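> everything below, folded, please.
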Amino acid sequence: MRILYIDIDTLRPDHLGCYGYLRNTSPNIDRIAAEGVRFDNCYVSDAPCLPSRASLFTGQFGIHTGVVNHGGAAADLRKMGAERGFRTEGQRPGFVAALRWSAGLWPASFSSFAERHSAWWFCESWREMWNPGKGGSEDAHEVVPAALDWLDRNRDRDDWFLHVHVWDPHTDYTIPEDFGNPFAGEPIEDWYTEEHRQAGWNRFGPGSPQEPGGSYGRSKGNARQPRQVTSMDDYRQWIDGYDCGVAYADQWVGRILDKLEAQGLLDETAIIVTSDHGENLGELNVIGDHATADHITSRVPMILRWPGVTGGRTDAGLHYQNDFAATIVELAGGEVPGHWDGAAFTDAFRAGRSAGRDHVVFGQCCWSCMRGVRFGDHAFIRTFHTGLKNLPERMLFNVVEDPHEIENLVDTDPATADRGDALLAQWTAEMMRTSRFADDPMWEAMREGGPFHARGGALVHYADRLRETGRDAAADFLEAHPTGLPK
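Got it, this is the predicted structure:
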């Protein structure tokens, strides 16, 4: 059994051709999707980077592992205490341990993730790890060649799990200049209008048109990424920069496929394509960041091509990303650890049936403190700390009809909003009932000062920035209401 896991950071599904995007950003990924199953509603339980991969690779939600933030106590796995053994691998086996010890695979990873986030638990169970050493600032051409060399050296091995992680769609957009801009002059989606941009310009928050890319001050910018979105031309430049990152990653995915094909191994290799989170590109007035617990940041592509399983279909069921970890372990012949929150849907996948959940819950505690729930056509979001953004406490969107989250339906459809609120409360109560710990890590983060990126001097710095740019009322509001909410 050979499994290739392609992990493309910050990749939102609707900027891939196989998910209906109008630009040709992803011919190689589209090829995999045409031969496999494309899942339309895969959500990470916790976003962004560190909490997301903690959930996937442990098999548990952040409310159970304790990892929901990018710093502070809620950025580390909670201690096991007195029952910790000489090695923890057998006590709390994660995704890689299950593939190695239960399914009998040789796991190897090409990624800088562990170093970037000091997530040293990620190193557990790999037989080989290769770190490009730039902490997530590397481009695909600095990662994939080492993986290609590994494939050459392991051509005769038939029992591997290979994780290849590239960062190119993540800001800053730094792909080589000689890649050019294959999308110059091409149309962009028309949902984001000048009226939309102007309304956002007059609001506030990191990621807004005056501070795109999650900055609490003026963005530093580069040739592919404007410092501010002062016009629709700037917005187009931002979209081009993101799409070039997607296309550059896809080009290097193609080189991996070419290598496997030249080795005669492509058809018999299982392939997974996914991401750690999406990227808001104007939704909720956030451009170029993954700062909310919403449909855009929390939904990720999930493409699974498995030898012997009929492909060429789509699955609209609701799934957590760690449901796929459980399913992959079973498909590989392993046993899913009993403590995982991820639930396998192996039989349905093999039979070509959809077997999704009734609802899925997703959280964010790094750039804001929020929880959301997707149920039916709707996503409901409750905000506890805005991360200094101009957002309300409660939001409801019909993400099928309004995928870019323009119309908040809380006031016009209160019954559906209340249902979402109730689902969140029920989920939280059940998760805490089954937790080994007495405290919800989101509230641990709130007691420490909220989302990590809004702590320290962020409020003072941003209030100064707001006054410098004529938004004195916003500065006054945030100084009076540090959570960004009016109560």
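> what about the helix or strand harbouring Met370, distance to the chain center?
Here Met370, judged by DSSP states H and E, is contained in strand 369-375. On the basis of CA atoms, centre = their mean, to the nearest Å, strand 369-375 sits 14 Å off its chain's mean C-alpha point.
> starting at the chain centroid, how far to the helix or strand that comes right after that strand?
Following strand 369-375 in sequence order, the next helix or strand is strand 378-385 (DSSP H and E). Here the centre of strand 378-385 is set off from its chain's centre by 17 Å, with CA atoms, centre = their mean.
> please report phi then psi for Gly420.
phi -60, psi -40 (degrees, to the nearest 10).
> oh, I was asking about Leu396
Main-chain torsions, Leu396, degrees, to the nearest 10: phi -140, psi 130.
> burial of it, as a residue count?
25 (other CB atoms under 10 Å). From N, CA and C alone the C-beta is placed, and that goes for glycine too.
> tell me what it is bridged to.
Phe380 (DSSP bridges).
> hmm, it is touching Phe380, no?
Yes. Using CB atoms under 8 Å, Leu396 is in contact with Phe380, at 5.0 Å.
> by contact count, what packs against the helix or strand harbouring Met129?
Met129 is part of strand 128-130, with elements assigned from DSSP H and E. On a contact count with 3 or more CB pairs under 8 Å, 6 or more residues apart in numbering; DSSP states H and E, strand 128-130 meets strand 106-110, helix 144-153.
> need these in CSV (columns: mean neighbour count).
CSV is the format used below for the helices and strands packed on strand 128-130 (neighbours: other CB atoms under 10 Å):
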stretch, mean neighbour count
strand 106-110, 21
helix 144-153, 17
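> would JSON lines of these with distance to Phe179 and mean pLDDT be doable?
What follows is the helices and strands packed on strand 128-130, written out as JSON lines (distance: least, CB to CB, whole Å; pLDDT from 0 to 100):
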{"stretch": "strand 106-110", "distance to Phe179": "21", "mean pLDDT": "98"}
{"stretch": "helix 144-153", "distance to Phe179": "14", "mean pLDDT": "98"}
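> so which of these is nearest Gln364?
Closest of the helices and strands packed on strand 128-130 to Gln364 is strand 106-110, at 25.4 Å (criterion: CB to CB).
> list the contacts of the helix or strand just after the closest one.
Once strand 106-110 ends, the next helix or strand along the chain (criterion: DSSP H and E) is helix 113-116. Helix 113-116 has contacts (CB atoms under 8 Å, 6 or more residues apart in numbering) with 49, 53, 119-120, 122-123, 129, 131, 133, 135-136, 165.
> quick revisit: for the strand holding Met370, which strands pair with it and how are they oriented?
According to DSSP bridges, strand 369-375 forms sheet pairs with strand 359-364 (antiparallel), strand 378-385 (antiparallel).
> tell me which residues of it come out buried.
Buried residues in strand 369-375, counted by 16 or more other CB atoms under 10 Å: 369-375.
> try stretch 219-230
219, 221, 224-229.
> so of those residues, which two are at opposite extremes in space?
Using CB to CB, the pair of these lying farthest apart is Arg224 and Gln228, separated by 14.6 Å.
> export the buried residues of stretch 219-230 as TSV, with columns for pLDDT.
Output for these, formatted as TSV (pLDDT from 0 to 100):
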residue	pLDDT
Ser219	80
Gly221	86
Arg224	96
Gln225	95
Pro226	96
Arg227	95
Gln228	96
Val229	97
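> and of these, the nearest to Arg23?
Of all these, Arg224 has the smallest distance to Arg23: 15.2 Å, by CB to CB.
> wait, the closest one touches Pro176, no?
No. Arg224 is not in contact with Pro176 according to CB under 8 Å; the separation is 10.7 Å.
> returning to what we had before: which one of the helices and strands packed on strand 128-130 lies nearest to Arg92?
strand 106-110 (16.7 Å).
> quick one on the thing from earlier: between Leu396 and Phe380, which contacts overlap?
Counting by CB under 8 Å, 6+ apart, the residues touching both Leu396 and Phe380 are 416-417, 420.
> quick revisit: and which of the contacts of helix 113-116 is nearest Ile6?
Taking the contacts of helix 113-116 together and measuring to Ile6 by CB to CB, the closest member is His165, at 8.4 Å.
> just grab the bridge partners of that closest one for me.
Beta-bridge partners recorded for His165 (DSSP bridges): Asp7.
> is it true that it touches Met129?
No. Using CB under 8 Å, His165 is not in contact with Met129; the gap is 10.9 Å.
> of the two, which one has the most company?
His165 (23 against 14).
> and that one, what's its pLDDT?
His165 is assigned 98 on the pLDDT scale.
> what's the offset of stretch 246-253 from the middle of its chain?
Using CA atoms, centre = their mean, the offset of stretch 246-253 from its chain centre is 18 Å.
> kindly report the same for stretch 393-403.
Its chain's average C-alpha position is 19 Å from that of stretch 393-403, according to CA atoms, centre = their mean.
> quick one on the thing from earlier: state the mean pLDDT of the strand holding Met370.
98.
> just to revisit the earlier point, how about JSON lines for the shared contacts of Leu396 and Phe380, with distance to Gly264 and pLDDT added?
Below are the shared contacts of Leu396 and Phe380 laid out as JSON lines (distance: CB to CB, whole Å; pLDDT from 0 to 100):
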{"residue": "Thr416", "distance to Gly264": "53", "pLDDT": "98"}
{"residue": "Ala417", "distance to Gly264": "55", "pLDDT": "98"}
{"residue": "Gly420", "distance to Gly264": "50", "pLDDT": "98"}
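> which among those residues gets closest to Ala351?
Taking CB to CB as the measure, Ala351 lies nearest Gly420 of the shared contacts of Leu396 and Phe380, at 31.5 Å.
> what's the burial count for the closest one?
The burial count for Gly420: 25, using other CB under 10 Å.
> same question for the one 3 residues further on.
Around Leu423 sit 18 other residues, with neighbours defined as other CB under 10 Å.
> show me where the stretch 1-150 of the chain has strands.
Secondary structure of the stretch 1-150 of the chain by DSSP state E, counting those that start in this stretch: the strands cover 2-8, 37-43, 46-47, 106-110, 128-130.
> ranking those by burial, who's on top?
Most buried of those by mean neighbour count (mean count of other CB atoms under 10 Å) is strand 46-47; its value is a mean of 34.
> wait, is Trp252 part of a helix?
Yes. Assessed with DSSP: H, G, I helix; E, B strand; the rest coil, Trp252 lies in a helix.
> ok, back up a step: make a markdown table out of the strands of the stretch 1-150 of the chain and add distance to Thr65.
Below are these laid out as a markdown table (distance: least, CB to CB, whole Å):
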| stretch | distance to Thr65 |
| --- | --- |
| strand 2-8 | 19 |
| strand 37-43 | 17 |
| strand 46-47 | 9 |
| strand 106-110 | 19 |
| strand 128-130 | 21 |
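> hmm, Thr58 is touching Val96, no?
No. The criterion here is CB under 8 Å, and Thr58 misses it with Val96 at 9.9 Å.
> looking at the two, which is more packed in?
Thr58 (29 against 24).
> so what's the more buried one up against?
Thr58 makes contacts with 65, 77, 92, 94-95, 121, 340, as judged by CB under 8 Å, 6+ apart.
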